[in-house]
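Participant: just to be clear, the model below is a prediction. Sequence and coordinates:
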Amino acid sequence: MNFEFSDEQNLLRDQAQAFLRDNCPPSAVRTILDGDAPYDADLWQKVAEMGWTATVIPERFGGLGLSYLELCVIAEELGRAVAPIPFSSSVYLATEALLAAGSDAQKERWLPKLATGEAIGTFALGERAGQPRPDTLATRAANGRLTGSKMPVADGDVADFAVVVAACDDGDGAALHLVETGGVERNALATLDPTRSHARLELADTEAEPLGAAGEGWQHTQRLLDRAAVLFAWEQVGGAQAALEMAREYAMGRYAFGRPIAGYQAIKHKLANVYVKNTLARSNCYYGAWALSTDAAELPLAAATARVSACQAYYFASKENIQTHGGMGFTWEFDCQFHYRRAKLLSVNIGSEATWQDRLIAAVEAAEPAVA
Amino acid sequence: MDFNDTPEEAAFREEARAWLEANAPSREELSGLDEIAASKLWQKRKYDAGWACIRWPEEYGGRGATAIQQVIWNQEESKFSVPGGVFGIGQGMAAPTMMAWAREEHKRKHLPPLASGEHIWCQLFSEPAGGSDLAALRTRAEKDGDEWVINGQKIWTSGAHYSDYGILVVRTDPTVPKHKGLSYFFLDMKSPGVDIRPIKQISGGANFNEVYFNDVRIPDDQRLGEVGQGWQVAITTLMNERFAIGGGGGVGFKQVFDLARRLEVDGEPAIRDRNVRSKLATWYAQEAGLRFTGYRSMSALSRGDIPGPENSIGKLVGASKTQDMTSFAMDLMELSGAVTDPEYAERHGLFQNAYMGSPGGRIAGGSDEIMLNILAERVLGMPQDVRLDKGIPFNEVPTGAN
């Protein structure tokens, strides 16, 4: 049994943690929260220089050709730091879409730029409240042109291109297209988490390159979401751990009735319960990391399992962190809000906890056909 | 990262599996035997072939196996429907304590019959006045020559009625603070003055007992550790408890999932209902989380490291999950949910029985609240609770009875 990260991967974790402690302290997150910049461009530049954006891109496309285990390690640390950069959009979604469905020409054109961070990509699925499905998508593709509104598109205001899911009449009813955003009307969108920018994309007979075959777009989307779910789950677990540490540290130093509040069972049990949920989520993320890195047939189940428990863990940790801080946790001045905002953003932006619960059971059903 | 055995582990697994396939008792062999007789038959067979208590040194009846080999053996044995359970406390808790604290002659005399299943041991710790606050126990021991005379009452003693020996913590000095006045013994459960009375549980079963001590005499020779060192010895036992106590209860995700496929909600299989799927998914993720946490611990063992504290969440998560799942399963049955009549109940009452047994799982072997305290204090490094009895002689500590 070797259900562990390797020594090299653990070393990478230490390095990433130290790097982000120096380059993405809470003050850097706050600068984005309070300011007008859509993301931390300096941090993005440095992260790219570290090669993180190039992690799984094959060497022939300018990447490092490392495994997804390395990417999981980086995801956890970015989550811990609540990093205000378009990493998930560009790396977990746009890069993955190109790797999965791109033609050689598309890969040659975009992957080297994604690897260096020179280009930022994103993925545009949602259009309005409720679960997106091929038969409810209003954005349509016809003759290499797209029409419709996409929102919320994470990093849509800063991305150089978006992989857009649109309805079509073929196959599974959806097609992926790569849309260069230069000529597209893009409007920044206010969201719960201003440390991650979002936009509304207005596609009006916009020129688009098909990515993969029309009529396979929905399958690609599902596969893409399964893969991204593992990486999002690692970010969530990193954030949940940070929230627990923040709550613990505050409780140890905050005195009430003559002793640290960390000594009261109401607080001890609260944080022990956070630890339990975090531990379950982390262990399920290991399973997800294994499935993602080995391209295992169990990926849909592993991804959903990791995702469900990570959504639950981060939400719980982020709200109980505020509760542990009492009134101070509710102030703008304190950093508790970073996690409360990010937890909810991460738990809806590739499909909600309920959606992933549904996918989890669907994967169990697929593995165990019902006896008639 | 992989789930694979090392070549040595794979070879060991193969050897264990081959032996189990050839030797696991058949249903016919066990028919007509009660749980104890069946367990003894299987345990003796393992012992004779060198597969009992495999981590123990050979001279005490084991095979000197490594921790990871023990895990592999457990995994392989659990694939067979073999009897067991009555030896858990003796082999899992009493034996490690004997191994750490008993004199060599006692180890050589008592450990092999524990391994072979000849002897069953029980644990006499909890008292009516000392449960979660175990060190507040009041059963007295007074020295009389080379013997100690024991008077008092123990409670929640699993299997006392069929045990040959017991491990016992008593108060030898009530004039010092509570942890300092305890001593630890083992005794023959057939000793005169030991009076065992079963406790009927809400589940209808009677796995536990009250055990009364009326002038029971124990040779000083059977003391483990020094007089007054009983708490330290008891810690050895308790450290092994979380490994010995299981969560389960016979109902897991699979049973409720199957039920949800068979029963209907709004004229459709219940499994199609979004609320049903949501709850089931959460339980699946909890079960998976515990399983993979176990794999992480196993990986540490495989490397020769000591596992982290992660595994201590198992009982805490498992016991509540069983309770919630069985309650939900009965809801799915709607009007029939409360029926326990085996002739009519789903799965002959499996869910109802597990529901009635599940409160015990949240209390036995450290209540939920104690487990949370342990996690907060030992894992998160948070302060201990305020102890008003700290440093006060035991006989001056206020009690509800005074």
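Facilitator: Looks like it came in fine.
Participant: domain ranges for chain B, per the record?
Facilitator: Listed domain ranges for chain B are B:7-84, B:121-241, B:246-363 (source: automatic domain parsing).
Participant: for chain A, find the nearest of the ones you listed.
Facilitator: domain B:246-363 (2.9 Å; C-beta to the nearest C-beta). C-beta here means a position set from N, CA and C on the backbone, and glycine is covered the same way.
Participant: burial check on residue B:232, number of neighbours?
Facilitator: Number of residues near residue B:232 (other C-beta atoms under 10 Å in any protein chain shown) recorded here: 15.
Participant: kindly report the same for residue A:310.
Facilitator: As a burial measure, residue A:310 scores 36 neighbours (other C-beta under 10 Å).
Participant: and for the one 10 residues further on?
Facilitator: Residue A:320 is surrounded by 20 other residues when neighbours are defined as other C-beta under 10 Å.
Participant: and it, helix, strand or coil?
Facilitator: Under DSSP: H, G, I helix; E, B strand; the rest coil, the three-state class of residue A:320 is helix.
Participant: quick one on the thing from earlier: a markdown table for the domains of chain B, including distance to residue A:328 and mean pLDDT?
Facilitator: Shown next, in a markdown table, are these (distance: least, C-beta to C-beta, whole Å; pLDDT from 0 to 100):
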| stretch | distance to residue A:328 | mean pLDDT |
| --- | --- | --- |
| domain B:7-84 | 45 | 94 |
| domain B:121-241 | 33 | 95 |
| domain B:246-363 | 30 | 91 |
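Participant: who are the contact partners of residue A:195?
Facilitator: If you count contacts by C-beta atoms under 8 Å, 6 or more residues apart in numbering or on different chains, residue A:195 has them with A:29, A:32, A:33, A:82, A:84, A:338, A:341, A:342.
Participant: about what we covered before: nearest to residue A:304, out of the domains of chain B?
Facilitator: Closest approach to residue A:304 among the domains of chain B (C-beta to C-beta): domain B:246-363, 7.5 Å.
Participant: how far does that closest one sit from its chain's centre?
Facilitator: Domain B:246-363 sits 19 Å away from the centroid of its parent chain (C-alpha atoms, centre = their mean, to the nearest Å).
Participant: if we can go back for a sec, export the domains of chain B as a markdown table, with columns for distance to chain A.
Facilitator: Converted to a markdown table, the domains of chain B look like this (distance: least, C-beta to the nearest C-beta, whole Å):
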| stretch | distance to chain A |
| --- | --- |
| domain B:7-84 | 7 |
| domain B:121-241 | 12 |
| domain B:246-363 | 3 |
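Participant: ok, for residue A:363, nearest residue in space, not its chain neighbours?
Facilitator: In space, and not counting its chain neighbours, residue A:363 is closest to residue A:301: 3.8 Å by C-beta to C-beta, 6 or more residues apart in numbering or on different chains.
Participant: over to residue B:85?
Facilitator: Sequence neighbours aside, residue B:39 is the residue nearest to residue B:85 in space, at 6.7 Å (criterion: C-beta to C-beta, 6+ apart).
Participant: give me the next element, helix or strand, following the helix or strand hosting the one you found.
Facilitator: Assigned by DSSP states H and E, residue B:39 falls within helix B:35-48. Toward the C-terminal end, the helix or strand that comes next after helix B:35-48 (DSSP H and E) is helix B:67-77.
Participant: so for that following helix, what gets flagged as buried?
Facilitator: By neighbour count on 16 or more other C-beta atoms under 10 Å in any protein chain shown, the buried set for helix B:67-77 is B:67, B:68, B:69, B:70, B:71, B:72, B:73, B:76, B:77.
Participant: got it, and stretch B:350-370?
Facilitator: B:350-358, B:360-362, B:364-366, B:368-370.
Participant: one more: stretch A:163-173?
Facilitator: Neighbour counts over stretch A:163-173 (16+ other C-beta under 10 Å) mark A:163, A:164, A:165, A:166, A:167, A:168, A:172, A:173 as buried.
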